[in-house]
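>>> Quick one: sequence and predicted model below, then my questions.
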Amino acid sequence: MAFQRIWLTLAAGTLTGSVWLPAIAGAQGAGVEPTEEIVVTSSIVATPRRQLATAVSVIDGPSIELRGYNDLADTLRTQPGISVTNSGGPGKSTTLRIRGEDGFRTLLMIDGVKALDPSTPQVGPSFDSLLTTSDLTRVEVLRGPQGFIYGADAGGVVNVLTARGDGPIGGRVGIEYGAHDTRKLGASLSGRGDRGDYFVSVTDFETDGFNAQTADTVLRDNDGADNTTLHAKLGWSVADNLRLQLVARDVDASALFDNCFHPVTFATVHDCSVTTDQSTYRASADLESGAFSHSFGASHIHIARDNFAAGVSYFATDGEIGRFEYTGAFRPSDALTLVYGADLQREEMLDGTAVRDRRQDGYYVEYQGAFDDRFFVSLGARHDDNEAFGSHTSSRLSAAYVQDLGNTGSLKYRASLGTGFRAPSLFEIAYNGGPFSFPPAAGVPLGEESSRGYDVGVEYDAMGGLHLQATYFDQEIEDQIFFDLVGFSGYLQSPGTSKSKGVELGLTAPVGERWEILANWTHNDASDTANALRLRRPDNFGNFGFRYGSPDDALRLMVNYRVSRDAIDIGGTPLDDYAVLDVSLAYSVSDAVDLYARVQNAADETYQEIVGYHSAGRSAYAGVRLRFR
């Protein structure tokens, strides 16, 4: 009955964010077929969305820009199955969970680089310092276990794609100012010649923030953040079928926070800070040769992080990941594609006492078949050889059937099943053998985790642009590794199974030619090995809103109402149920000038995503973007 009520709510016209194509309603109403959308995340190679049997969300560049959020995590939380918790504002610890799984099980990709943070305990993605910069053109989210092709521990993939140079030399400058004395400056320069192209950008963000934690009743100071992100993408088309590319990204970030321990006095202080220096590079070559395509890549990511209490360093980490990757595809016909490849990875971490490193090499292959342009199937497997934990095999099977309904649209039935594994991180192993661990965790040998999951779904698409989708998912983690939050003794391992299952619903509904309703709702039942609720996972959450574009597209409006219900924190403490209203507006004065504004938490909701940590109240921002060519 709960699911029926949720679906009726969606059908009645509530909404959230996905891709919005301004002219699509009018074009389809006139009987014109829209351009087939291509998705690359599901199987690394480009695949028409009609053929996908996996659960995928796509956010395009104009939608990211219109929403206007400074943190990419805030944009991502408008999508089905994604929840986010933040500990006190920009630059603070931010965890993004896909279908209720731990944040470190999400794989973050930026232009082909596995942007994982080797300086963190579980080597997960760092959304703390990931800004929405002017170079972002598209974000694809793949939900569910996807270990067979991306690495066996991937429980979901966020793939960020950035711009490349196009046309004559041009650029843009953006300036924003707003609540909490927030300042954001961005600039980019791009262009393309006969064979080469380039795109370079810089984003500088500063905010004074607000008091992050309720326990800070003495200083009560603002806990601000700074972030400077540099990005460059350089390409060279050596021949019509060969492209070389270099991508570089550098992030220099810092943030103030509360509640840390002074390394000399061991007293709790609220004058705390963290600095993060991150550099990422990837060189790649893409070659097309008849029915074959080949992609080679070499990447390196290095992150140095240091934590301070009252100006004294108390915990510094340094990590790096180097990878070499090859992906090949063989397409002898429209009905058959073989994808195959290998990735060789070396991970290194310095935790202040010793340097630890480990290698893991993986090899994979996938068959993709299309039958009568209606039935699509894929079957893939991956073999991983971990230097410390041996060999493991992961797999994924997916199938989709598209039923054409003539002029009324189409129905797609889809299902996927995937497995994976995760070896204990270098930090987890080192901590249990180090001086800060004690029984019951001290000296405990940690083993691998294994995972499996499946989903089944149906999607309806009408010629007028209406899109409805419903997905049931069920996934499990066996032998889960977790930190002892009761005795703080170290890392323990549960011999049982933790589970996460639920339903995702989505709606995109054009209303006339200029309005569009967007909605999604997720019911997520996430439990640990003792069948208790897992922490900070809302049982029900969703987004409801609409988008408007004026006849000349000069005026654009986005409204989003985000709801979260039924979550708990440590000790079973209930978290706030909350609803947050965000409104954003943009107006094109000319082809060269855009004015924009937004109000986040417009209803001034008071809530906590983590017990003891404040969230921002009503916050208004405004800015201008200038373009030149």
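Good, I have the coordinates.
>>> separation between the nearest residue to D576 once chain neighbours are set aside and Q245?
Leaving aside its chain neighbours, D576 sits nearest to Y607 (4.1 Å; criterion: CB to CB, 6 or more residues apart in numbering). Just so you know, the C-beta spots here come from the backbone N, C-alpha and C atoms, and that holds for glycine as well. Distance of Y607 to Q245, computed by CB to CB, to the nearest Å: 43 Å.
>>> Need the nearest residue in space to T95, chain neighbours excluded.
G103 (3.8 Å).
>>> Quick one: neighbours of that neighbour, just the number.
By other CB atoms under 10 Å, the residues close to G103 number 22.
>>> That one touches S83, doesn't it?
No. If you go by CB atoms under 8 Å, G103 and S83 don't touch, sitting 9.9 Å apart.
>>> list residues touching both of the two?
L96, R97 (CB atoms under 8 Å, 6 or more residues apart in numbering).
>>> quick one: D74 is in a helix?
Yes. Counting by DSSP: H, G, I helix; E, B strand; the rest coil, D74 is part of a helix.
>>> Show me the beta-bridge partners of the spatially closest residue to it that is not a sequence neighbour.
Distances taken as CB to CB, 6+ apart place V84 nearest to D74, at 7.3 Å, with adjacent residues excluded. Beta-bridge partners for V84, by DSSP bridges, are L96.
>>> got the phi/psi numbers for I570?
I570 adopts backbone torsions of phi -50, psi 140, taken as degrees, to the nearest 10.
>>> Does it touch D484 like I think?
No. Using CB under 8 Å, I570 makes no contact with D484, being 11.7 Å away.
>>> host element of L66?
Using DSSP states H and E, L66 sits within helix 61-67.
>>> Run the chain-centre distance for that helix.
16 Å (CA atoms, centre = their mean, to the nearest Å).
>>> and whichever strand or helix holds I301, C-alpha only, in PDB?
Using DSSP H and E, the element containing I301 is strand 292-309. Extracted C-alpha coordinates of strand 292-309, given in PDB (Å, rounded to 0.1, in the frame of the first residue of the first chain):
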ATOM      1  CA  PHE A 292      37.400  -2.600 -34.000                       C
ATOM      2  CA  SER A 293      37.900   0.300 -31.600                       C
ATOM      3  CA  HIS A 294      40.700   0.600 -29.100                       C
ATOM      4  CA  SER A 295      41.100   2.900 -26.100                       C
ATOM      5  CA  PHE A 296      44.300   3.100 -24.100                       C
ATOM      6  CA  GLY A 297      44.700   5.200 -20.900                       C
ATOM      7  CA  ALA A 298      47.300   5.900 -18.200                       C
ATOM      8  CA  SER A 299      46.200   7.900 -15.200                       C
ATOM      9  CA  HIS A 300      47.600   9.000 -11.800                       C
ATOM     10  CA  ILE A 301      45.800  10.600  -8.900                       C
ATOM     11  CA  HIS A 302      47.700  11.900  -5.800                       C
ATOM     12  CA  ILE A 303      46.000  13.300  -2.700                       C
ATOM     13  CA  ALA A 304      47.700  14.800   0.400                       C
ATOM     14  CA  ARG A 305      45.500  15.600   3.400                       C
ATOM     15  CA  ASP A 306      46.400  17.200   6.700                       C
ATOM     16  CA  ASN A 307      44.200  17.800   9.800                       C
ATOM     17  CA  PHE A 308      44.900  20.400  12.400                       C
ATOM     18  CA  ALA A 309      43.600  21.100  15.900                       C
END
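>>> and it, which residues are buried?
Neighbour counts over strand 292-309 (16 or more other CB atoms under 10 Å) mark 293, 295-297, 299, 301-309 as buried.
>>> Can you tell me the strand partners of that strand and which way each runs?
Strand 292-309 pairs in its sheet with strand 272-289 (antiparallel), strand 312-333 (antiparallel), by DSSP bridges.
>>> Dump those into TSV; add mean pLDDT, mean neighbour count and distance to G224 as well.
Formatted as TSV, the strands paired with strand 292-309 follow (pLDDT from 0 to 100; neighbours: other CB atoms under 10 Å; distance: least, CB to CB, whole Å):
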stretch	mean pLDDT	mean neighbour count	distance to G224
strand 272-289	97	18	10
strand 312-333	94	17	20
